[in-house]
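Q: When you get a sec, could you give me coordinates for this:
(one chain, ligands or ions: 1)
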Amino acid sequence: MVSISHHGATSGVTGSCHELTLAPSMKKGSDPAGSDPNFKPRGSAGILIDCGLFQGQDEGRGASASNLSIDFPIEHIRALVVTHVHIDHVGRIPYLLAAGFEGPIICSEPSAIMLPEILEDALKIGFTRDRRLIERVLGLIRSRLVPVPYGQWHSVFVENDCSLSVRLQRAGHILGSAYVECDARVGNSEERIVFSGDLGAPHAPLLPAPQSPGRADRLVIESTYGDKDHEDRETRRYRLKSVLEHALEDGGTVLVPAFSIGRTQELLYEIESLIHEFGGDALASGMKMGSDPTGSDPSFTWESLEIIVDSPLAAEFTRIYRDLKPYWDAEATELVIQGRHPLSFEQLTVINSHEDHLNAVDYLARSHRPCVVLAGSGMCAGGRVVNYLKAMLGDKRNDVLFVGYQAAGTPGRDILNYGPRGGWVELDGDRYDIRARIHLVGGYSAHAGQSDLLRFVEGIPGAPTEIRVVHGDEDAKAAFQVRLQRVLPGSQVLIPA
Ligand SMILES: [Zn+2]
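A: Numbering: from 1, shown residues only. The predicted structure follows:
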C-alpha cells in the first residue's frame, strides 16, 4: 500500500510537509481501530517531502516553538526530500532534527548550497541567539545533505517488500527548485507519484521553465495562484518601467518588499535590462528644469538610478545566483556571453551592517533621493523593510511596490488593501497612516499562474488517476480544483483536509 498524507495545516499559505509511505501488503484487520490516520503497519517506510514553517494568518494564530514541534510519527521516515529552500518548505527542519529524525536530506545541488544559509537566518530569528547552538544545528544539517543532480534517479530505500527512488526535475520557481518524481514499488505493483513543490511561471527571468513529468499516476500540486493568471513578461516589464518612472518623478524612494531568494534576483535582472535598454533616457520625464521641489537632479536618467539591496541575506543569495550560472536559462546565459552582468551591475549597492541600514533609512527619508530599495521580508511581517515602511509610508512622494503574494493577516496584505484608500497599517503595535502610493506588479511572483499550472498537468501523458491540490488560499484551491476537474474528468481531484 502506498499512502500520501499531509502534515500541518494545508489551508492558507502554510508550511508544506507531505508524507509518502509504503507499507508491505497487509492482511485485513491489522489496523484494529481501522481509522487511526497515524497508524503505520509493521514494516512501513516512507519519506517526507518538505518540512516548512507557517506563514501569514496561521502564524498569527500563535505559532510558538511548542506547536512547531513535529506532532506526527517519524520513526519510519527514511529521508526528507526538499523541493526548494523557501522557508515555508524548509523552516521546520530544525524541529524535525530535534524530534529525532536521523535520515538524509535529499535536494538539488543549488539547494544544498542555499539550505544552510536560509536556515541559519531562520534559526537566528525564531529559534535561538546562541551562536554555538546554531553552529551545531547547521553542522548537523550539512552532514545530512545529499545533493542529487537534476534528472537522475536516486534510491532512497529498499526494505521488506518495498522500494522507493526519487528523481528531481527543474521547477523553475527559484534557483535549485525541483519537483519530485517518486517511483514506489510494493511487491509486484509499482506507482509513480509526483510532488510539484512550488512551480515557477514559464516566463520568469533567469530560470528555465518547468517541463511536465513524463508520467504521474498520482500528483500532489501546489496552487498558490490556482485562481489567477499573471501578466505576461513584456507587459510586466513595461509596467515596472512606468511604476519606476512615475515613482521617481517626485523624488521619493521606491520600496520593494521582497523575499531574499527568487523575486529579488528576478527584479534585479529586469531592472538591469531596463537600464541597459533606456540608459541615457531621462527617468523623471515629467519634471521641468527649475521647478523641481525636491532638489533632485532634473536630468536624472536610467543610468543614474540607484538600486539598494538592503539585506545581507538577499545579497548573499544574489551572489549564489551569480555563481551558479550553469543553472540559468538560455536568455540569461546569452546576456553573460554579451558581457552583461545581470546581477552585479554598477548601479547596485548592497547594505550589510545594521548600522548602515539605519543610516540609509534615515538618509533616504530625509533627502528624498530617488532610489529603489529592495528589502525583506516580502510580506512586511518583519525584517528591515519594516523600518523603511515606518519612515516612509507617511510621505506621498514615496512608493511601495509589491511584487509577490501577500498572505492574509500580514502587514503587506493590509498595506495593499487599505493603502490605496488612505488607510493605515499596524507595524510593531503602532498605527502608520499610508500616504505613499501603493503598486502591485503581480507577474513578478515566482509562482506559476492558473494556466501555467493547468498546462503542467495537461502535459502529463495519461492523466493522473488522483490529483491533490494543496498549498494556497481556499479560494485558489477551490477554483483550481474546478478547472482541473473540467479538463480532466477522469481524474479524482481532491483538496485534502
Ligand atoms: Zn516557494
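Q: Let's see the pLDDT reported for Gly126.
A: For Gly126, the model assigns a pLDDT of 69.
Q: what does the chain put close to the ion?
A: His86, Asp198 (Cβ under 5 Å from the ion). Backbone N, C-alpha and C define where each C-beta goes, glycine included.
Q: any weak-confidence spans in this protein?
A: 8-14, 26-38, 55-67, 126-127, 226-227, 283-299, 443-446 (pLDDT under 70).
Q: and the strand or helix carrying Gln481, what does it pack onto?
A: Using DSSP states H and E, the element containing Gln481 is helix 474-487. The contact analysis (3 or more Cβ pairs under 8 Å, 6 or more residues apart in numbering; DSSP states H and E) places helix 474-487 against helix 450-458, strand 466-470, strand 492-494.
Q: Contacts only, for Leu80.
A: Neighbouring residues of Leu80 by Cβ atoms under 8 Å, 6 or more residues apart in numbering: Ile47, Leu48, Ile49, Asp50, Cys51, Ile93, Leu96, Phe101, Gly103, Pro104, Ile105, Ile106.
Q: Give me the residue at the spatial middle of the chain.
A: Most central in the chain under Cα atoms, centre = their mean is His86, positioned 4.7 Å from the mean C-alpha point.
Q: contacting residues for that one?
A: His86 touches Gly52, Ile118, Ile174, Asp198, Phe259, Ile261, Gly262, counting by Cβ under 8 Å, 6+ apart.
Q: and these, which of them are in helices?
A: Among the contacts of His86, the members falling in helices are Ile118 (criterion: DSSP state H).
Q: Residue of the stretch 151-300 of the chain closest to the ion, please.
A: Proximity of the stretch 151-300 of the chain to the ion (Cβ to the ion) peaks at Asp198, 3.6 Å away.
Q: picking up where we left off before, tell me which of the helices and strands packed on helix 474-487 sits most buried.
A: strand 466-470 (a mean of 22; mean count of other Cβ atoms under 10 Å).
Q: Can I get that strand as PDB, trimmed to CA atoms?
A: Output of strand 466-470 as PDB, limited to C-alpha atoms (Å, rounded to 0.1, in the frame of the first residue of the first chain):
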ATOM      1  CA  GLU A 466      -5.700  11.200  -8.500                       C
ATOM      2  CA  ILE A 467      -4.700  14.900  -8.100                       C
ATOM      3  CA  ARG A 468      -4.300  16.500  -4.700                       C
ATOM      4  CA  VAL A 469      -4.500  20.300  -4.700                       C
ATOM      5  CA  VAL A 470      -2.500  21.800  -1.800                       C
END
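Q: Show me the contact partners of the helix holding Gln481.
A: Under Cβ under 8 Å, 6+ apart, the answer for helix 474-487 is 11-12, 223-228, 450, 453-454, 457-458, 467, 469-470, 472, 491, 493-495.
Q: just the strands in the stretch 151-300 of the chain please.
A: Secondary structure of the stretch 151-300 of the chain (DSSP state E, counting those that start in this stretch): strands at 154-159, 162-170, 178-186, 189-195, 218-222, 253-257.
Q: can you tell which of the ones you listed is closest to Glu303?
A: strand 253-257 (16.7 Å; Cβ to Cβ).
Q: Give me the residues contacting the closest one.
A: By Cβ under 8 Å, 6+ apart, strand 253-257 touches 243-244, 247-248, 267, 364-365, 368-380, 385, 388-389, 392, 398-404, 412, 436.
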